[in-house]
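J.: Structure of the sequence below:
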Amino acid sequence: METSDQALLLGFVQNRSEEDFHQLVNRHLNLVFATARRILGDAHLAEEVAQGVFLLLARKAGEIKAHQPLAGWLYHTTRHQALNTSRSEGRRRQREQTSLAMQVTDTNPDAARITAELEEALEELPAEDRDALVLRFLDNRQLREVGVELGVSEEAARKRVTRALDKLRGIFGKRGVTLSTGVLTTALAGQATAAAPAGLGAAIIASALSGLTATSATAIATTQTTTSLMNLFNLKTAAAILGAAAVTGTTTYLVQEREADRLRADYQTVNETYAKLASDQQESLTMIQLRDDQIAALRKDVADLPRLRGEIDALRRETTKAAELQLSGEEAVRRTTELLDQNTALTTKLNKSLTASWVYERDQWQNRGQAEPLDAFQTFLWAWSSQDREALANTIHIADEEQSSEERARLINQLLPREQPPATQASRIKIFWMTGTGEGEHEEKSLTALEESSFVASPLQTREYLVRWDLVQIDGQWKVVRKRYL
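T.: Numbers count the residues shown, from 1 in each chain. Presented below is the predicted three-dimensional model:
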């Protein structure tokens, strides 16, 4: 796994490791150069600012806090140095920046505003959000690397980057620039494309390290002669020049190797994403086919319900007639038993027709959102069973908008399951019918359900109730409005 910035920084501070400083410069040079060039609009001035930033890093490496991402410190320092430089190059920078914005506008009409206002917008973000965006886009790091530098997991880094993008979109929105997440992501990634000139990294490394050596030599020189000081200076200068020449080839190779590794990682990520999307699409098609089959079977069973109910009503009428005729004891018992057997058989048949439906056990109730009636009903059951007042309030619709907050809270408390007998708790819901839409201001649907409940006083005792739940669609969300026992 790639060594973190903090580990390299610690190695440089404690051991004055030139290799660690070399890696830090090569890793972040493009970030520093691109940021300076974006602010100044001049490549030569950007090179000067980049050299100054890394010289400052070499001197103040020990003052950087352990929990602070180095990329964030470099971005902030570069911006400060570039703004100081721009004060003396104001008009020239304005012309260059206008030219750069016009070039970007050719491919993306929103990119000009983003380029012109990006630095101020980033400055308005909290430090942790700004550091996440600098690492991910301006420093061109993978989410795994972002997580390492921030001290969090890859998934947490992904969420922090997403949250920071939303906040940055809001900042641009207040400035009159409406951007989608995709456009903003593409524009931010494009800001990191300004690669530093070849050889700049080697020059910066040699200059920074020789500068540190020269500083140390000054402390020693108080006890040496002028001739010894000049000889030492000449030796250090020669070593810096030779080091710069040797580092140039190595820097170019490391940059190319790093870019190749990044491209390989991106290619692998694209392949994995494509495979997952294909798998998800196939799974969605399978679920749609299964739901269509369930709906077809349900419609077939529902079509037989009126006939079964008619037979049950006829048996009930015969039972009533037998009671009125006051049949003899044995004949009445035989006839009643026969009618009860028939009634039981028809009830069993009716229940069998209801099994080809959606059955939700209590431990399977879950939050499925409110985009569809069935999903909204299951979300209501989940909120009810988990006693989540806020979620339950969001799943129901209270027609009386003038109710006070206290009245609404009391209504929610009444809906929640009670812990004391003789209250009941529904343990299973079987949904077997969906009627058409109703009339009114909002679209309505009714679901007929067989609610199986267990009594708290007698946990092994169950009862089934035929209930109709009415739902209403408001602003694209389905909510429960009433419960009726049939």
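J.: all contacts plus neighbour counts: C-alpha atoms, from now on.
T.: OK.
J.: tell me the domain ranges of the chain?
T.: If you go by automatic domain parsing, the domain ranges for the chain are 5-197, 287-353, 359-485.
J.: out of those domains, nearest to Thr269?
T.: domain 5-197 (10.3 Å; C-alpha to C-alpha).
J.: Work out the gap between the closest one and the centre of the chain.
T.: How far domain 5-197 lies from its chain's middle: 23 Å, per C-alpha atoms, centre = their mean, to the nearest Å.
J.: State the distance from Asn140 to Ala391.
T.: With distances taken as C-alpha to C-alpha, to the nearest Å, Asn140 is found 40 Å from Ala391.
J.: Which one of these two is surrounded by more residues?
T.: The residue with more neighbours, out of Asn140 and Ala391, is Asn140; 23 against 16, by other C-alpha atoms under 10 Å.
J.: and the residue nearest to the spatial centre of the chain, helix, strand or coil?
T.: With distances taken as C-alpha atoms, centre = their mean, the residue of the chain nearest its centroid is Lys159 (4.8 Å). Here Lys159 is helix, with the state taken from DSSP: H, G, I helix; E, B strand; the rest coil.
J.: Distance of it relative to Gln403?
T.: 38 Å.
J.: Tell me the residue in the chain that is farthest from the middle.
T.: Distance to centre of the chain, C-alpha atoms, centre = their mean, peaks at Ser328 (75.5 Å).
J.: same question for whichever strand or helix holds Ala202, mean pLDDT?
T.: Using DSSP states H and E, Ala202 sits within helix 200-220. For helix 200-220, mean pLDDT is 63.
J.: Tell me where the stretch 51-200 of the chain has helices.
T.: Taking DSSP state H, counting those that start in this stretch, the helices of the stretch 51-200 of the chain run over residues 70-88, 90-105, 111-124, 127-133, 143-150, 154-174, 181-190, 200-220.
J.: need those helices in JSON lines with distance to Ala34, can you?
T.: What follows is those, written out as JSON lines (distance: least, C-alpha to C-alpha, whole Å):
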{"stretch": "helix 70-88", "distance to Ala34": "10"}
{"stretch": "helix 90-105", "distance to Ala34": "13"}
{"stretch": "helix 111-124", "distance to Ala34": "12"}
{"stretch": "helix 127-133", "distance to Ala34": "15"}
{"stretch": "helix 143-150", "distance to Ala34": "19"}
{"stretch": "helix 154-174", "distance to Ala34": "20"}
{"stretch": "helix 181-190", "distance to Ala34": "10"}
{"stretch": "helix 200-220", "distance to Ala34": "13"}
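J.: Val467 is nearest to which of these?
T.: helix 154-174 (42.2 Å).
J.: name the helices or strands packed onto the closest one?
T.: helix 111-124, helix 127-133, helix 143-150, helix 181-190 (3 or more C-alpha pairs under 8 Å, 6 or more residues apart in numbering; DSSP states H and E).
J.: which residues are in contact with it?
T.: Residues from elsewhere that reach helix 154-174 (C-alpha atoms under 8 Å, 6 or more residues apart in numbering): 121-122, 124-125, 129-130, 132-133, 136, 143-148, 150, 178-181, 184-185.
J.: Endpoint to endpoint, stretch 54-72 covers what distance?
T.: Across stretch 54-72, first to last residue, C-alpha to C-alpha, it's 14 Å.
J.: What lies in contact with it?
T.: Contacts to stretch 54-72, defined as C-alpha under 8 Å, 6+ apart, come from residues 5-6, 9-10, 12-13, 25, 28, 130-131, 134-135, 139, 149-150, 204, 207-209, 211-212.
J.: So which helix or strand of this protein has the lowest pLDDT on average?
T.: Lowest by mean pLDDT, DSSP states H and E among the helices and strands of the chain is helix 90-105, with a mean of 53.
J.: Now for Ala7, how many residues are close by?
T.: Neighbour tally, Ala7, other C-alpha under 10 Å: 13.
J.: Please pick the buried ones from the contacts of stretch 54-72.
T.: By neighbour count, with 16 or more other C-alpha atoms under 10 Å, those hold 5-6, 9-10, 12-13, 25, 28, 130-131, 134-135, 139, 149-150, 204, 207-209, 211 as buried.
J.: What pLDDT is listed against Ser357?
T.: 67.
J.: now the one 4 residues further on
T.: Here, the pLDDT recorded for Glu361 equals 83.
J.: Can you classify the closest residue to it other than its chain neighbours as helix, strand or coil?
T.: Nearest residue to Glu361 in three dimensions, chain neighbours excluded: Arg428, at 4.6 Å (C-alpha to C-alpha, 6 or more residues apart in numbering). Here Arg428 is strand, with the state taken from three-state DSSP.
J.: In this structure Arg428 contacts Arg362, no?
T.: Yes: between Arg428 and Arg362 there is a contact under C-alpha atoms under 8 Å: 5.4 Å.
J.: neighbour-wise, which of those two wins?
T.: Counted by other C-alpha under 10 Å, Arg428 and Arg362 do not tie: Arg428 has more neighbours, with 21 against 15.
J.: mean confidence for stretch 162-178?
T.: 92.
J.: Same check on stretch 72-80?
T.: For stretch 72-80, the mean per-residue pLDDT is 95.
J.: Can you point out the buried residues in it?
T.: Taking 16+ other C-alpha under 10 Å as the criterion, stretch 72-80 shows Gly72, Leu74, Tyr75, His76, Thr77, Thr78, Arg79 as buried.
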